[in-house]
Every structure is written in C-alpha cells, then in structure tokens.
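Participant: need coordinates for the following:
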Amino acid sequence: MKTIIKKNTWSHFALHGWGNGYVLIPKGHPAHGKDYDDLMIDVHGGLTFACPAKEWRDQEDLTEDEKECWVVGFDTAHWGDDLRGWPKSRVISETKRLAEQLTLMQ
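Facilitator: Numbering: from 1, shown residues only. Below is the predicted model of the structure:
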C-alpha cells in the first residue's frame with residue numbers, strides 16, 4: 001500500500017507535529033470504503049481521516065488507479081504534539097506502521 005506524508009502548513013501559531021500520515025487502500029481490501037471510526041487501528045491519536053482518494057484535496061499527485069483507492073490517515077495536531085515529539089522521521093515511521101496494520105487485515 002502506498003504511504004503519503006504531508007507537512008502541517010495550516011497553522012504557525014498552534015503547537016503540532018511535523019505532519020500527517022496517509023495510506024491508500026486499494027479496492028477489494030476489507031478497509032476500503034470504511035469510516036475511520038470503524039477500523040481497529042492502533043496509530044497516534046487514532047485515525048482522524050478517511051475519504052475516497054478522488055475526493056481528497058491532496059489527490060493531484062495520484063495516478064488514475066490510485067484515485068480509485070480509499071485514503072485513511074492520522075494527524076499530529078493533538079494536545080501535547082510538537083515538532084520535537086513528532087518530527088518528520090517519526091511521522092514516516094508511524095505511517096509505515098499504519099500501512100503494516102492495514103496489510104495484515106487482508
């Protein structure tokens with residue numbers, strides 16, 4: 001499964017980690033089309049995002065096949081998150097961990 005990370009650029013005033021992590025879930029996977037609250041995934045702060053890839057605001061770099069996927073993700077904008085605790089390297093690791101959990105669901 002493809003993983004994508006996006007840097008937090010929406011707030012320069014609030015404390016938050018480096019960014020958010022997302023995974024593209026292909027059609028046919030048991031998690032495709034499910035709301036993030038319906039998935040039993042252990043990720044920082046819980047899943048906070050799910051939508052069809054073709055409706056995702058960050059879909060511009062996706063291929064046509066990837067736009068048929070479902071996107072789920074987490075953020076690092078929870079109370080206590082900051083750049084020291086959630087640098088880019090940790091967001092990458094947590095996103096890979098999210099993808100591994102989804103892979104095990106197949």
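
Participant: list the contacts of the residue nearest to residue 39 when sequence neighbours are not counted.
Facilitator: Excluding its sequence neighbours, the residue lying closest to residue 39 (Cβ to Cβ, 6 or more residues apart in numbering) is residue 31, at 5.6 Å. Using the backbone N, CA and C atoms, a C-beta is placed for each residue, glycine as well. Applying Cβ atoms under 8 Å, 6 or more residues apart in numbering, we find residue 31 in contact with 25, 39, 70, 72, 102, 105.

Participant: swap in residue 47?
Facilitator: 36-37, 39, 41, 72-74.

Participant: repeat the analysis, applying 6 Å as the threshold.
Facilitator: 36, 41, 72, 74 (Cβ atoms under 6 Å, 6 or more residues apart in numbering).

Participant: what do you get for residue 101?
Facilitator: residue 41.

Participant: that one is in what secondary structure piece?
Facilitator: Using DSSP states H and E, residue 101 maps to helix 88-104.
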